[in-house]
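> need the 3D shape of this:
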Amino acid sequence: MNSRNSRRDYRTSRNALFDGIEEGGLRASSSFATHEIAEHDNEHAVDGLQDRVSILKRLTADIHEEVDSQNRSLDRVGNDMDASRGILSGTMDRFKRVFETKSSRNMITLITSFVVLFLLIYYLTK
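Numbering: from 1, shown residues only. All right, here's what the predicted structure looks like:
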């Protein structure tokens, strides 16, 4: 009985020592193949991630260029609005002077010229 226990201990220690290796190395090679397949899958996944990262990088660069372009356009519009504001304030000052003189002849001439100018611009843009 003691020899049986020692034989069992020998087998369990042998199994623990050579766990996963069977006769002919078949189990070890399948473990190696599984590891190779997993490694290949990981490399494939990393390649896919690198592709996605490069696409995102190009996309963010395109977005950055578009934002810069839009900012330049907004700056031009802002500058044009400032110039228009200056012209309109000068025109309003002239209106104030005309209305302060209370000359009816100048007032009629001014209003008529603005109506004609408005109609002319309206028909030219139509």
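> mind showing which ranges of this structure have poor pLDDT?
With pLDDT under 70 as the threshold, the chain has low-confidence stretches at 1-32, 98-99, 101-104.
> looking at it, which helix is longest?
In terms of residue count, the longest helix belonging to the chain (DSSP state H) is helix 26-101.
> packing partners for it?
helix 104-125 (3 or more Cβ pairs under 8 Å, 6 or more residues apart in numbering; DSSP states H and E). (C-beta placed from N, C-alpha, C; glycine too.)
> so what does the helix it packs on touch, helix or strand wise?
Applying 3+ Cβ pairs under 8 Å, 6+ apart, one finds that helix 104-125 makes contact with helix 26-101.
> between the helix it packs on and helix 104-125, how big is the angle?
150 degrees (axes from the mean of the first three to the mean of the last three Cα atoms, to 10 degrees).
> ok, now how distant is V53 from E100?
Using Cβ to Cβ, to the nearest Å, V53 is found at 69 Å from E100.
> equivalent analysis for E39, please.
From E39 to E100 the distance is 90 Å (Cβ to Cβ).
> what does D82 give?
For D82 relative to E100 (Cβ to Cβ), the value is 27 Å.
> how about R76?
37 Å.
> what does M92 give?
Noted for M92: a distance of 13 Å to E100, by Cβ to Cβ.
> cool, and V77?
Per Cβ to Cβ, V77 is found 34 Å from E100.
> again with D93
Distance from D93 to E100, counting by Cβ to Cβ: 11 Å.
> what touches both of those two?
Residues touching both D93 and E100 (Cβ atoms under 8 Å, 6 or more residues apart in numbering): none.
> tell me the contacts of L88?
Counting by Cβ under 8 Å, 6+ apart, L88 touches no other residue.
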